[in-house]
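Visitor: return a 3D structure for these sequence lines:
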Amino acid sequence: MPDTARTETDDRPDPATEAFLSHRNLLFTVAYEMLGSAADAEDVLQETWLRWVGVDLDTVRDRRAFLVRITTRQALDRLRALGRRKESYVGSWLPEPLLTAPDVAEDVELADSVSMAMLLVLETLAPTERAVFVLREVFDLGYDEIADAVDKTPAAVRQIAHRARAHVAERRPRGAVSPAETRAAFEAFQRATETGDLQGLLDVLAPDVVLVGDGGGVRQAVPRPIVGALKVARLLTSGPGRDAAAWLRPAQVNGHPAMVLHRDGEVDTVLAIRIDDGLITGIYAVRNPEKLSHMEQETSLSR
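Guide: Okay, the predicted model is just below:
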């Protein structure tokens, strides 16, 4: 990654470093939305930097577009490799959660695009479809720019974008939820989970709610998704809040309210939720310690 090399005439970084650093948050967000893994997104940025420093900047008309193109190509290569790794993953696979700043939540479209629920929807797309969807729908890139990034014709990109939009529309959260509804549902969920209030949980969980756990074979997690309000409520009321050595705190995770379980001074579990029509329809419990490193400090995202 850049070491912020300075020019001889002033204290500013050299042009290549300056361009990379000015777009770093954007590039990380592109890679993360394509991969669902912060660790892999950081690796993609490293690879992007190594290729960027070898480019003759005099030949680059739009540095932002050029950097996005490099990042997209590197992320596509890694996404295909990740698909093979996920086939042998122990238990359910969930995206890597990020502790995010309040400004992410304020950008509703950005927050929606990086939510755990949306990242799981994006997992159902083929790699090129995912890249096209992310670049078009989240970052509003033109079809010509996207075509350069994914090595397709603009006409083919239009078709892929149309197909990906339809696919995502069938699977994304069913109804718009206001910030007030989100806050009310989350607070009710938090209160009931902390106090072990079974009825309180049943009041806020959708009848067909699904709880998915990811321990990565390292920590204990539910071996398969649990479906149904009563089953999920019983599990939650016998779990997080009952351990005297553990404590829950609210946090902004991927731009949305979530709960973080701490045990012995370390992050043990992240509980993210999906809300449809005012009820919780999805609960995502990430316990794999390899996926919790970005919960110690806020990650900056942008588009």
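Visitor: pick out the residue closest to the middle of the chain.
Guide: Centroid-nearest residue in the chain: residue 114, 4.2 Å away (criterion: C-alpha atoms, centre = their mean).
Visitor: can you tell me the closest non-neighbouring residue to that one?
Guide: Once flanking residues are discounted, residue 114 sits nearest to residue 254: 4.8 Å by C-beta to C-beta, 6 or more residues apart in numbering. Yep, even glycine has a C-beta here, placed from its N, CA and C like the rest.
Visitor: residues contacting the residue nearest to the centre of the chain?
Guide: Shown in contact with residue 114 (C-beta atoms under 8 Å, 6 or more residues apart in numbering): 29, 32, 33, 98, 100, 104, 254, 255, 301.
Visitor: the residue nearest to residue 114 touches residue 97, doesn't it?
Guide: Yes. Assessed by C-beta atoms under 8 Å, residue 254 is found in contact with residue 97 at 6.1 Å.
Visitor: which residues do the two both contact?
Guide: Common contacts of residue 254 and residue 97 (C-beta under 8 Å, 6+ apart): 116, 272.
Visitor: what helices and strands are in contact with the top helix by length along the chain?
Guide: Longest helix of the chain, by residue count under DSSP state H: helix 63-87. Applying 3 or more C-beta pairs under 8 Å, 6 or more residues apart in numbering; DSSP states H and E, we find helix 63-87 packed against helix 15-22, helix 24-35, helix 38-52, helix 127-133, helix 143-150.
Visitor: in a strand, residue 208, correct?
Guide: Yes. Counting by DSSP: H, G, I helix; E, B strand; the rest coil, residue 208 is found in a strand.
Visitor: on that earlier part again, any chance of the helices and strands packed on helix 63-87 in a markdown table, plus mean neighbour count and mean pLDDT?
Guide: Converted to a markdown table, these look like this (neighbours: other C-beta atoms under 10 Å; pLDDT from 0 to 100):
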| stretch | mean neighbour count | mean pLDDT |
| --- | --- | --- |
| helix 15-22 | 17 | 94 |
| helix 24-35 | 24 | 97 |
| helix 38-52 | 19 | 97 |
| helix 127-133 | 23 | 97 |
| helix 143-150 | 20 | 95 |
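Visitor: quick one: closest of those helices to residue 286.
Guide: Shortest distance between residue 286 and the helices and strands packed on helix 63-87, using C-beta to C-beta, is found for helix 38-52: 11.7 Å.
Visitor: now that closest one - C-alpha only, PDB.
Guide: Extracted C-alpha coordinates of helix 38-52, given in PDB (Å, rounded to 0.1, in the frame of the first residue of the first chain):
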ATOM      1  CA  ALA A  38     -13.200  -6.900   4.300                       C
ATOM      2  CA  ALA A  39     -10.000  -8.900   4.500                       C
ATOM      3  CA  ASP A  40     -10.300  -9.900   0.800                       C
ATOM      4  CA  ALA A  41     -11.200  -6.300  -0.100                       C
ATOM      5  CA  GLU A  42      -8.000  -5.100   1.600                       C
ATOM      6  CA  ASP A  43      -6.000  -7.600  -0.400                       C
ATOM      7  CA  VAL A  44      -7.700  -6.400  -3.600                       C
ATOM      8  CA  LEU A  45      -6.700  -2.800  -2.700                       C
ATOM      9  CA  GLN A  46      -3.100  -4.000  -2.200                       C
ATOM     10  CA  GLU A  47      -3.200  -5.600  -5.700                       C
ATOM     11  CA  THR A  48      -4.800  -2.500  -7.200                       C
ATOM     12  CA  TRP A  49      -2.000  -0.300  -5.700                       C
ATOM     13  CA  LEU A  50       0.700  -2.500  -7.100                       C
ATOM     14  CA  ARG A  51      -0.800  -2.200 -10.600                       C
ATOM     15  CA  TRP A  52      -1.500   1.500 -10.200                       C
END
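Visitor: which residues does that helix contact?
Guide: Residues outside helix 38-52 that contact it (C-beta under 8 Å, 6+ apart) are 1-2, 16, 19-20, 24, 27-28, 31-32, 35, 66-67, 70-71, 74-75, 78, 82, 96, 98, 290, 293-294, 299.
Visitor: ok and that helix relative to helix 15-22, angle-wise?
Guide: Here helix 38-52 points in a direction 160 degrees away from that of helix 15-22 (axes from the mean of the first three to the mean of the last three C-alpha atoms, to 10 degrees).
Visitor: show me where the stretch 101-250 of the chain has strands.
Guide: Counting by DSSP state E, counting those that start in this stretch, the stretch 101-250 of the chain has strands at residues 205-214, 226-227, 246-253.
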